[in-house]
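*Asks:* give the three-dimensional model of this entry:
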Amino acid sequence: MGTTQLESVPEPKYWHLKTVLTEALDSEFSVGEILPNERDLAARFGVARATLRQALEQLELEGRLQRRRGVGTTVAPPRVGVAVGTEQHTWPGAAGDAWQPADSDLTPPPATVVAALGTDADEPVHTVRRTRMSHGQQVATELLYIPAASVPGLTAIDAPSGAARARAVLRELQHLSLEGEERAVELGSARADDAKELDRLPGSPVLVVTTRFLVQGRTAALSVATYRADTCRLTFGESAGVEIHHDPEQRAS
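*Replies:* Numbering: from 1, shown residues only. Alright, predicted model coming up:
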């Protein structure tokens, strides 16, 4: 059997169309402007609507376009720069933390979280919900799971409800001596609740950053943060921290 040289493989139609659309976005459209509907775009560029959708989906994944409920497809602003990792390990809620606490409740977590925390399946844990804003828009949402054993001094009086309860849980967490963090990043799809908070369609691409906070060799808390993939780009620097850059010209090598 012969081998196919990479150079001889024709470029997919949608990929070529993506290049053409990128040039049009740069020269004809401004940030926030609504694109014509799919039928008109397909007619303009002489392609099938299926090919057009593939190209639009790729541009959305790259952060050039945004699909907004009730609005349509718009030209996206530059990707937002948000640091999600630093050289020094700190607890969530420490001074300088960019996350805003929204709520907290005490409920049994999902099975994947139970396995990570090493708790019993029916054991309630503190679930703190937080949001992250940048440049005036919400770019991420977080669920922070904290076993009751990690915050033994917390009382009902300290944590009445809502954001005040969340702050009380985080405040108590600071009493532990943090040994280190383990972080993993993966590409996922927005669940219905995350999509609503982030103003995205369910199933839209998101970046999921999972962080384990370690104390005496055990996971004392687990963070699952969901970032908008259309507005955020993650890179890994020499510090091993994770940062998100907004300049689309600065690509990771």
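*Asks:* partner strands of the helix or strand hosting A221, parallel or antiparallel?
*Replies:* Assigned by DSSP states H and E, A221 falls within strand 218-228. Strand 218-228 has its sheet partners listed here by DSSP bridges as strand 137-147 (antiparallel), strand 205-215 (antiparallel).
*Asks:* any buried residues in whichever helix or strand comes after the first one, and which?
*Replies:* Scanning forward in sequence from strand 137-147 by DSSP H and E, the next helix or strand is helix 162-173. By neighbour count, with 16 or more other CB atoms under 10 Å as the criterion, the buried positions of helix 162-173 are 165-173. All C-beta atoms are positioned from the backbone trio N, CA, C, and that covers glycine.
*Asks:* got a list of contacts for helix 162-173?
*Replies:* In this structure, residues lying in contact with helix 162-173 by CB atoms under 8 Å, 6 or more residues apart in numbering are 91-93, 101-105, 126, 128-130, 144, 146, 150-151, 153-154, 158-159, 220-221.
*Asks:* can you check stretch 67-75 too?
*Replies:* Counting by CB under 8 Å, 6+ apart, 25, 29-35, 37, 56, 60, 64-66, 199-201, 204 sit against stretch 67-75.
*Asks:* re the thing from before, highest mean neighbour count out of the strands paired with strand 218-228?
*Replies:* Most buried of the strands paired with strand 218-228, by mean neighbour count (mean count of other CB atoms under 10 Å): strand 137-147, with a mean of 21.
*Asks:* report the beta-bridge partners for the closest residue in space to V185 that isn't next to it in sequence.
*Replies:* Nearest residue to V185, sequence neighbours excluded (CB to CB, 6 or more residues apart in numbering): V209, at 5.2 Å. Beta-bridge pairing for V209 (DSSP bridges): V185, A225.
*Asks:* from G93, how far out is V209?
*Replies:* 17 Å (CB to CB, to the nearest Å).
*Asks:* just A43 next, same as before
*Replies:* Using CB to CB, we find A43 at a distance of 53 Å from G93.
*Asks:* more neighbours: which of these two?
*Replies:* Taking neighbours as other CB atoms under 10 Å, A43 and G93 compare with G93 leading, 20 against 12.
*Asks:* so the more buried one touches H175, yeah?
*Replies:* No: G93 is beyond contact range of H175, at 11.7 Å (criterion: CB atoms under 8 Å).
*Asks:* need the overlap of contacts for these two.
*Replies:* Common neighbours of G93 and H175 are not found (criterion: CB under 8 Å, 6+ apart).
*Asks:* ramachandran angles for E197?
*Replies:* Main-chain torsions, E197, degrees, to the nearest 10: phi -70, psi -40.
*Asks:* so what's it up against?
*Replies:* 131, 138, 141.
*Asks:* and it, how far from T231?
*Replies:* Relative to T231, E197 is positioned 14 Å away (CB to CB).
*Asks:* K13 too?
*Replies:* K13 is 28 Å from T231, where distance means CB to CB.
*Asks:* of the two, who's got more company?
*Replies:* Per other CB under 10 Å, whichever of K13 and T231 has more neighbours is T231, with 26 against 15.
*Asks:* helix, strand or coil for the more buried one?
*Replies:* Per DSSP: H, G, I helix; E, B strand; the rest coil, the secondary structure class of T231 is coil.
*Asks:* now the strands paired with strand 218-228 in TSV, with mean pLDDT and distance to A116?
*Replies:* Output for the strands paired with strand 218-228, formatted as TSV (pLDDT from 0 to 100; distance: least, CB to CB, whole Å):
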stretch	mean pLDDT	distance to A116
strand 137-147	92	8
strand 205-215	90	7
